[in-house]
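Q: any chance you could fold what I've pasted below:
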Amino acid sequence: DIFKYVLKEAEPDGGSVLIELTEEILERRHRENAVLKIIKDAILNQGFEMYYQPIYSVQKGRYASAEALIRLKETEIGYVGPDEFIPLAEQNGMILDIGNYVFREVCRFMAENKLWEQGIEYIEVNLSVMQCMQETLHAKLLQIMDEYQIPYNRINLEITETAAVVSNDTLKRNMDKLIDKGITFALDDFGTGYSNMAYIFDYSFDMIKLDKSMVWSAMENEKAQTVLKHTIKMMKDMNLHIVAEGVETLEQAEILTKMGCDYFQGFYYSKPVNEQTFIKVIGEK
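A: The predicted model follows:
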């Protein structure tokens, strides 16, 4: 049977509000606490692993880049996916340590394998909202790249709409300083929620990443396909490069090629793989 607890939580005005805790809520909080402990341990004891999803260039007919993705190694509570641990890390401030780890690992991996000599022109790295709010972000990233002697044009930084909204002026200042060095930026997850074209106008993006939900809708709905086709044309007219995410079939790739997409990312080409497998995959195609 479901059991209930009632707690009083103080409010700023001196009053209080009653909170009903069900067994489901208690279990969820227990899970969150367990995951938070795992994240803390992973930060201290190298409990993360980097994966890379190759990105296919239509023009060059080969893999030309990749997106860096962080994963937690197997834990005592089993698999904990990024959809679970990343939001918790963001809520608790640990995302800054994770972001620093990711960027450093990407630079190390690129330097050790000289990926640009194997056809990988750049790696895409996601920036969290909290990172984008840091005035010193540009200096930290450039310092790490200099440490590993990574050419600045070998990194593309992915920004979400949320980051653009929350960090605004700070993000623009960081972007300007990084772009001056040759680093490029991508607007990630375009097509989710209420995508606002104003962000494309206001920020100096080089690339737009179409979210898989927008891509899949266009494959199933004629109206959605018309919207996607005209959206891509408009972006191309602004000299933006287009990455289609979630490409899972040859038919999808052919339709998106006709629409003018420059790059494809998805399971039809490759799932995210670890460093060793990534080196093998890019050597095969």
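Q: wait, is K37 part of a helix?
A: Yes. Secondary structure assignment places K37 in a helix (DSSP: H, G, I helix; E, B strand; the rest coil).
Q: which residue lies nearest the spatial centre of the protein?
A: By C-alpha atoms, centre = their mean, the chain has its centre lying nearest to N126, at 3.9 Å.
Q: ok, that one - contacts?
A: E67, A68, L69, V102, L157, E158, D188 (C-beta atoms under 8 Å, 6 or more residues apart in numbering). Every residue, glycine included, has its C-beta placed from N, CA and C.
Q: bridged to it, which residues?
A: E158 (DSSP bridges).
Q: sorry, back to before: out of the contacts of N126, which are buried?
A: E67, A68, L69, V102, L157, E158, D188 (16 or more other C-beta atoms under 10 Å).
Q: quick one: which of those residues sit in helices?
A: In this view, the buried ones among the contacts of N126 that belong to helices under DSSP state H are V102.
Q: what residues does the strand or helix carrying Y56 touch?
A: Taking DSSP states H and E as the definition, one finds Y56 inside strand 48-57. Strand 48-57 has contacts (C-beta under 8 Å, 6+ apart) with 42, 62-73, 98, 101-102, 105-106, 109, 123-124, 243, 262-265, 269-275, 278, 281-282, 285.
Q: of all the contacts of N126, which comes closest to N113?
A: Relative to N113, the closest of the contacts of N126 is A68; by C-beta to C-beta it sits at 13.3 Å.
Q: so which elements touch the helix or strand containing R29?
A: R29 is part of helix 23-45, with elements assigned from DSSP H and E. Packing contacts for helix 23-45, counted by 3 or more C-beta pairs under 8 Å, 6 or more residues apart in numbering; DSSP states H and E, involve strand 62-72, helix 82-91, helix 95-113.
Q: can you redo those as a markdown table with distance to T170?
A: Output for the helices and strands packed on helix 23-45, formatted as a markdown table (distance: least, C-beta to C-beta, whole Å):
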| stretch | distance to T170 |
| --- | --- |
| strand 62-72 | 23 |
| helix 82-91 | 17 |
| helix 95-113 | 14 |
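Q: wait, which of these is closest to L228?
A: strand 62-72 (20.7 Å).
Q: so in that sheet, which strands flank the closest one, and in what orientation?
A: strand 48-57 (antiparallel), strand 122-126 (parallel).
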